[in-house]
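A.B. asks: I would like to see how this sequence folds:
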Amino acid sequence: MSHITNSFVPPISTKRGLISLSPMLVFLIMYLVVSLIIGDFYRMPMSVALLVASVCAVLIYRSVPLAKRIEVFSRAAGTPNVIYMIWIFILAGAFASLAKGVGAIDATVKMTLYVFPVEYVIPGLFVAACFVSLSIGTSVGTVVALTPLAVELAAVCGDSLPLFVGIVLGGAFFGDNLSFISDTTIAATRTQGCSMSDKFKANVWITVPAAVITIIIYILMSPDALATDMGDIDNISLILPYMVVIILAIMGVNVTVVLTSGIICALIVGLMSGGAIMDMVGFIGDGIDSMGNLIIVTAMAAGVLGIVKECGGINYILQFLTRHVSGVRGAQTCIAILVGLVNVCTANNTVAIITVGSISKEIADRFGVDPRKSASLLDTCSCIVQCIIPYGAQTLLATSLAGISPAAPFPYLYYPWALAFVVALSVIFLFPRHLSKAIKA
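C.D. replies: Residues are numbered from 1 along each chain as shown. Now for the predicted structure:
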């Protein structure tokens, strides 16, 4: 056994650590536990659970005046990353509503179902999400591009809407985890000191088997026939706004530029099809309004997490998990749990990797974990947690666009659970074997 020391983690008592994490526990109990008890995830609004957690966060931060506590909360809620996400939410809502209003999404769905047999729609959507996310390196961009299409496909095929949203979310994190241009890949490789190509080769041993398992599940779930008659595409030009969004996303264009271009294209197509400009402006307004709750939830969650971090909650997790690490399997398990728990408290997989990167590197060096394997574990486990937490930006955005509860897709998130299963096997059996270095004395 060895005690891992880290100069960035000051000693924190158990009492203080648990108090620091209490706002997160309050939120999880109010939203998840209460929802499970009553058997309905639509009855408990996430905004109410976060409001109570926000009050709790301000109350437990007792070492400074009230004005300072509110300042810390507000500063965390208004960081550039949060504001950037809010801009994406606004543009995504505007585009989805406008594209639906002018008939662009309906036309794209019809074209999709003409090209692909219905029995391949469900696995095909997952493969498409994997391809798009691998190409653009961002799960948020994938969610923006494919969720509106998934919503309409679910309606046409007569299948569960949460299922289709879960498919998009799973595929979105395939590329977020594996892509060379993903923020998580860059953060993981830089903190662990390995190349992106080496980390990619290590990651493939985990992600590909998980993706294959998921595809098999989706093939078994696929319907045999359509629930309704699709009819013909009245105006082929109506697919242009959606094609612009997908093509620009695959090209790696900034997501705000992608959505703005999609909105402009939808306006042009709508006008050419005889639509009234004020009707289309109304669609845009409705879409923006529909993002109101999502924006509030995002800001409150960021504020709560900001105070949790300020009070030492993150440092306590680092200290607690690294207290007793033994052997290479224990080291890999510690790295995986470490980044996962910090991700729960930050709701951002890139931030979680950066936060635990240095101490994970220290653990890996001490116990002979290859940098390629530690980088793979950091990236993969952060993506697993980010995909399954209901307050992650990707889930909030996807479910808001679909008009369902953030917890609704959870039973259908087969890919992250398949990924967790393969990660566990890779730790137990130490594969790939060529990444198992000799344990240092």
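A.B. asks: Run through the stretch 51-200 of the chain and note the low-pLDDT ranges.
C.D. replies: 116 (pLDDT under 70).
A.B. asks: Recalculate using a threshold of 80.
C.D. replies: For the stretch 51-200 of the chain, applying pLDDT under 80 flags the ranges 105-106, 108-119, 157-159, 181.
A.B. asks: how far out from the middle of the chain is stretch 296-313?
C.D. replies: 18 Å (CA atoms, centre = their mean, to the nearest Å).
A.B. asks: could you give the mean pLDDT of that stretch?
C.D. replies: When pLDDT is averaged over stretch 296-313, the result is 92.
A.B. asks: which one is residue 237 nearest to, not counting chain neighbours?
C.D. replies: Leaving aside its chain neighbours, residue 237 sits nearest to residue 269 (5.7 Å; criterion: CB to CB, 6 or more residues apart in numbering). All C-beta atoms are positioned from the backbone trio N, CA, C, and that covers glycine.
A.B. asks: ok, now how distant is the one you found from residue 243?
C.D. replies: 11 Å (CB to CB, to the nearest Å).
A.B. asks: Over to residue 147?
C.D. replies: In terms of CB to CB, residue 147 sits 16 Å off from residue 243.
A.B. asks: Of the two, which one has the most company?
C.D. replies: For residue 147 versus residue 243, neighbours defined as other CB atoms under 10 Å are more numerous around residue 147 (24 against 14).
A.B. asks: wait, isn't the more buried one in contact with residue 394?
C.D. replies: No. At 9.7 Å, residue 147 and residue 394 do not qualify as touching, with contact defined as CB atoms under 8 Å.
A.B. asks: Please report how far residue 356 lies from residue 338.
C.D. replies: Relative to residue 338, and taking CB to CB, residue 356 is found at 5 Å.
A.B. asks: Could you tell me which residues touch both of these two?
C.D. replies: Shared contacts of residue 356 and residue 338 (CB atoms under 8 Å, 6 or more residues apart in numbering): residue 318.
A.B. asks: out of those two, which sits in the more crowded spot?
C.D. replies: Taking other CB under 10 Å, residue 356 and residue 338 do not tie; residue 356 has more neighbours (28 against 24).
A.B. asks: show me the contacts for residue 357.
C.D. replies: 187, 188, 190, 191, 192, 378.
A.B. asks: same thing with residue 416?
C.D. replies: So residue 416 contacts 170, 173, 383, 384, 387, 388 (CB under 8 Å, 6+ apart).
A.B. asks: among those residues, who's most crowded?
C.D. replies: Of those, with other CB under 10 Å as the count, residue 173 tops at 33 neighbours.
A.B. asks: so that one is in which element?
C.D. replies: According to DSSP states H and E, residue 173 maps onto helix 161-178.
A.B. asks: Following the chain past that helix, name the next helix or strand.
C.D. replies: helix 183-192.
A.B. asks: residues making contact with that following helix?
C.D. replies: 137-138, 176-179, 195-196, 199-200, 349-350, 353-354, 357-358, 360-361, 364, 371-372, 374-376, 378-379, 382-383.
A.B. asks: Restricted to helices, list these.
C.D. replies: Judged by DSSP state H, these include 176-178, 196, 199-200, 349-350, 353-354, 357-358, 360-361, 364, 371-372, 374-376, 378-379, 382-383 as members of helices.
A.B. asks: now these: which count as buried?
C.D. replies: By neighbour count, with 16 or more other CB atoms under 10 Å, the ones in helices among the contacts of helix 183-192 hold 176-178, 196, 199-200, 349-350, 353-354, 357-358, 360-361, 364, 371-372, 374-376, 378-379, 382-383 as buried.
A.B. asks: Kindly indicate which of the contacts of residue 416 lies nearest residue 216.
C.D. replies: residue 170 (13.4 Å; CB to CB).
A.B. asks: What residues sit buried inside the host helix or strand of the residue nearest to residue 237?
C.D. replies: In this assignment (DSSP H and E), residue 269 forms part of helix 255-272. Using 16+ other CB under 10 Å as the test for burial, helix 255-272 gives 255, 258, 259, 261, 262, 263, 265, 266, 267, 269, 270.
A.B. asks: Could you do stretch 130-138 as well?
C.D. replies: For stretch 130-138, by 16+ other CB under 10 Å, it's 130, 132, 133, 134, 135, 136, 137, 138.
A.B. asks: what's the answer for stretch 325-338, then?
C.D. replies: Buried, per 16+ other CB under 10 Å, within stretch 325-338: 325, 328, 330, 331, 332, 333, 334, 335, 336, 338.
A.B. asks: ok, now stretch 40-55?
C.D. replies: 41, 44, 46, 49, 50, 51, 52, 53, 54.
A.B. asks: what about the third one, distance to residue 396?
C.D. replies: Applying CB to CB, one obtains 8 Å for the distance of residue 46 from residue 396.
A.B. asks: Find residues that contact each of these two.
C.D. replies: 297, 390, 406.
A.B. asks: Return the subset of those residues lying in helices.
C.D. replies: residue 297.
A.B. asks: May I see the shared contacts of residue 46 and residue 396 arranged in a markdown table, with distance to residue 206 and neighbour count as well?
C.D. replies: Shown next, in a markdown table, are these (distance: CB to CB, whole Å; neighbours: other CB atoms under 10 Å):
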| residue | distance to residue 206 | neighbour count |
| --- | --- | --- |
| 297 | 31 | 21 |
| 390 | 24 | 22 |
| 406 | 27 | 21 |
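A.B. asks: Turn the shared contacts of residue 46 and residue 396 into JSON lines, columns for distance to residue 93.
C.D. replies: What follows is the shared contacts of residue 46 and residue 396, written out as JSON lines (distance: CB to CB, whole Å):
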{"residue": "297", "distance to residue 93": "14"}
{"residue": "390", "distance to residue 93": "19"}
{"residue": "406", "distance to residue 93": "16"}
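A.B. asks: just curious, which of the shared contacts of residue 46 and residue 396 is nearest to residue 317?
C.D. replies: Once CB to CB is applied, the member of the shared contacts of residue 46 and residue 396 that ends up nearest residue 317 is residue 390, at 20.0 Å.
A.B. asks: Excluding covalently adjacent residues, which one is nearest to the closest one?
C.D. replies: What sits nearest to residue 390 in space, not counting adjacent residues and going by CB to CB, 6+ apart, is residue 406, at 4.0 Å.
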